[in-house]
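> Fold the following and give me the result.
(chains A, B, C and D)
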2 protein chains.
Amino acid sequence: MLTPAIAELWEQDAAGGSVRQRLYRVLRLAIIRMQFAPGQALSEKEISDAFSVSRQPVREAFIRLSEAGLVDVRPQRGTYVVGISQKSVREARFVREAVETAVSASAARQGLADKVIYELRDLIERQIRCASSGQYDQFFILDEDFHRVLALGAGHETAWRVIEEVKAQLDRVRYLSVPDTTPFEKLVQQHADIVDAIEQRDEDKARQAMLVHQSEILISLPQMVQRFSSIFEDTNG
Amino acid sequence: MLTPAIAELWEQDAAGGSVRQRLYRVLRLAIIRMQFAPGQALSEKEISDAFSVSRQPVREAFIRLSEAGLVDVRPQRGTYVVGISQKSVREARFVREAVETAVSASAARQGLADKVIYELRDLIERQIRCASSGQYDQFFILDEDFHRVLALGAGHETAWRVIEEVKAQLDRVRYLSVPDTTPFEKLVQQHADIVDAIEQRDEDKARQAMLVHQSEILISLPQMVQRFSSIFEDTNG
DNA sequence: CTGATATGACTTGTATGGTAGTCATACTAG
DNA sequence: CTAGTATGACTACCATACAAGTCATATCAG
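Next comes the predicted model:
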């Protein structure tokens, strides 16, 4: 079934590139924003009818989604949105922590261009304004921007691609409950700490600051599991 | 053009799963083993004719390969094997180092099952035999086995998937020149050091041992660039 | 001889038909 | 009533046809 919110995603998409790429972007967002429930069955035909395209690009988008670990394609059975489990969240966080701490340390070691530092500081400023006015969605976008600018600014494009993939799993949990998680002010302060350490060229400090930041989700995870036990596949664990 | 070596890969493949998956495995191996030169143009039609399948599964395999960063699909132009550059190698190594050191440290922290430790020791034994008899291909397989058993044994499946992806980029360089790289005996000793540290539950030592191991490729990279300057896109750098 | 242009042989992208497998349900034999 | 089976409505997978863009080459005007 296609909700109006998903149709809106389709309309609002910039429509750059092929139909397959557009479908991938829209379906990925729909899954991350929990417009498709975990375990829900999708279908090539259903999606293709809904968006008035043929089955083929839908099928190719499904394959890409399965690569990203967001759906599970079972031959001759169906395609299902993958469930959320504590294990999948912890695993995604593990990889993200490993890569992001390395990026942060690398940035401190080699230094960042003034332009990049400025951009990061600017993002932090805007995050502060979002936090005070409670613009949740915008804050998430700026948060992603911060980590992307940092990774790409340090020249780690491959690393960012990896982060982007595992991040999708974590964002799904985030979208479950916005206010329950860590206060925005705390997250912004952690961002500032990271930039400070990098500007001081203190490698260990930069790594440590990122480690603290990446550990936040673990703090709120247990309450999330308890509150959304129907969503998590492994309520115990 | 399809060399006999590639046809052999197709024949020898276990043929498990769909045609698309089989094509992906074969083409991936062909690229990693330099059966397709960097920059070489592939074509959906060419491949589909050669393997007597339709264009569709070939196309889907191409999409997956482009996801893995092994080919570049340019709409209405063609599909090309991506080139090898120092930057791409350093980036892949950067990510792999970050994830593998985290895996090693995690294994030391939580400990590994006796069965896993035994399996790792057994792999090391077999690697010693391969090193002395100079079975290069088999050694590479056992090397990959070692890292896979370690990652999966520590429960880090997502991490292994990431390692597998970036590893493909590094393996291409390895296949360029086997004897030039680090002596096998040294690599095996590093494997043993890693297992020792994990068994001693020494987290820092395990991380350090893996770091040393992952840094080996950087040592041989400059000579590789010099010797295969025609292969590398950025001879200077 | 030079440069613009038309042509045709490519390429990947999309649409659609048919195949084979899965699964729930209804039905039938015992 | 129960166990086994046939049926039909799904599914993803593969093959094929067509559409649309790219690019080298040949052709022709100046």
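
> Show the secondary-structure elements that whatever helix or strand residue A:117 lives in is packed against.
Taking DSSP states H and E as the criterion, residue A:117 maps to helix A:114-133. With contacts defined as 3 or more C-beta pairs under 8 Å, 6 or more residues apart in numbering or on different chains; DSSP states H and E, helix A:114-133 has these neighbours: helix A:136-153, helix A:184-199. From N, CA and C alone the C-beta is placed, and that goes for glycine too.

> Tell me which residues of stretch A:166-179 come out buried.
A:166, A:167, A:168, A:169, A:170, A:171, A:172, A:173, A:174, A:175, A:176 (16 or more other C-beta atoms under 10 Å in any protein chain shown).

> so, in contact with chain B or not, it?
Yes: judged by C-beta under 8 Å from any C-beta of the partner chain, stretch A:166-179 comes into contact with chain B through residue A:166.

> What are the boundaries of the strands in chain A?
Ranges of strands within chain A are A:41-42, A:71-74, A:78-81, based on DSSP state E.

> Parallel or antiparallel, which strands does the shortest one pair with?
When you say that, I think you mean strand A:41-42. According to DSSP bridges, strand A:41-42 forms sheet pairs with strand A:78-81 (antiparallel).

> in the partner strand, what counts as buried?
Of the residues in strand A:78-81, those with enough neighbours to count as buried (16+ other C-beta under 10 Å) are A:79, A:80, A:81.

> returning to what we had before: quick one, the helix holding residue A:117 and helix A:184-199 angle?
Orientation note: helix A:114-133 sits at an angle of 170 degrees relative to helix A:184-199 (axes from the mean of the first three to the mean of the last three C-alpha atoms, to 10 degrees).

> which other residues reach helix A:114-133?
Residues outside helix A:114-133 that contact it (C-beta atoms under 8 Å, 6 or more residues apart in numbering or on different chains) are A:112, A:138-139, A:142-143, A:145-146, A:149-150, A:153, A:183-185, A:187-188, A:191-192, A:195, A:198-199.

> How about stretch A:48-65?
Stretch A:48-65 is touched from outside by A:2, A:7, A:10, A:18-20, A:23-24, A:27-28, A:31, A:42, A:44-45, A:47, A:71, A:73, A:79, B:20, B:56, B:59-60, B:63-64, B:67, with contacts defined as C-beta under 8 Å, 6+ apart.

> what do you get for stretch A:16-26?
Contacting residues not belonging to stretch A:16-26 are listed as A:6, A:9-10, A:13, A:15, A:47, A:51, A:53, A:57-58, A:60-61, A:64-65, B:63, B:75 [C-beta under 8 Å, 6+ apart].

> Show me which of those are buried.
Neighbour counting with 16+ other C-beta under 10 Å marks A:6, A:9-10, A:47, A:51, A:53, A:57-58, A:60-61, A:64-65, B:63 as buried within the contacts of stretch A:16-26.

> For chain A, list the residues in contact with DNA strand C, please.
Counting by C-beta under 7 Å from any atom of the strand, the residues of chain A lying close to DNA strand C are A:18, A:19, A:20, A:53, A:54, A:55, A:56, A:57, A:60, A:75, A:76, A:77.

> And DNA strand D, is stretch A:65-74 touching that?
Yes: counting by C-beta under 7 Å from any atom of the strand, DNA strand D has neighbours in stretch A:65-74: A:73, A:74.

> need the helices for chain A, in chain order.
In chain A, helices defined by DSSP state H lie at A:4-12, A:19-32, A:44-51, A:55-67, A:86-110, A:114-133, A:136-153, A:157-176, A:184-199, A:203-227, listed in chain order.

> okay, which residue of chain A is out on the far edge from center?
Note on chain A: the largest C-alpha distance from the chain mean falls to residue A:76, namely 30.4 Å (C-alpha atoms, centre = their mean).

> any idea how far chain B is from it?
Using C-beta to the nearest C-beta, to the nearest Å, we find residue A:76 at a distance of 11 Å from chain B.

> how many neighbours does the closest residue to residue A:98 other than its chain neighbours have?
Setting aside the residues directly before and after it, residue A:98 is nearest to residue B:102 in space (C-beta to C-beta, 6 or more residues apart in numbering or on different chains), at 3.6 Å. Under the neighbour criterion other C-beta atoms under 10 Å in any protein chain shown, residue B:102 is assigned a count of 22.

> Repeat that for the one 10 residues further on.
Residue crowding around residue B:112 was assessed by other C-beta under 10 Å; the count is 22.

> Give the other helices and strands that the helix or strand bottoming out on mean pLDDT in chain A contacts.
Sorting the helices and strands of chain A by mean pLDDT, DSSP states H and E puts helix A:4-12 at the bottom, at a mean of 84. Contacts defined by 3+ C-beta pairs under 8 Å, 6+ apart place helix A:4-12 against helix A:19-32.

> just the CA coordinates of the helix it packs on, formatted as CSV?
Backbone C-alpha positions of helix A:19-32 (Å, rounded to 0.1, in the frame of the first residue of the first chain) are rendered in CSV as follows:
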residue,chain,number,x,y,z
VAL,A,19,14.1,6.0,-13.1
ARG,A,20,15.9,3.3,-11.2
GLN,A,21,18.0,5.8,-9.3
ARG,A,22,15.0,7.9,-8.5
LEU,A,23,13.1,4.9,-7.2
TYR,A,24,16.1,3.9,-5.1
ARG,A,25,16.3,7.3,-3.4
VAL,A,26,12.6,7.4,-2.7
LEU,A,27,12.2,3.9,-1.5
ARG,A,28,15.3,4.2,0.7
LEU,A,29,14.0,7.3,2.3
ALA,A,30,10.6,5.7,2.8
ILE,A,31,12.1,2.8,4.6
ILE,A,32,14.4,4.9,6.7
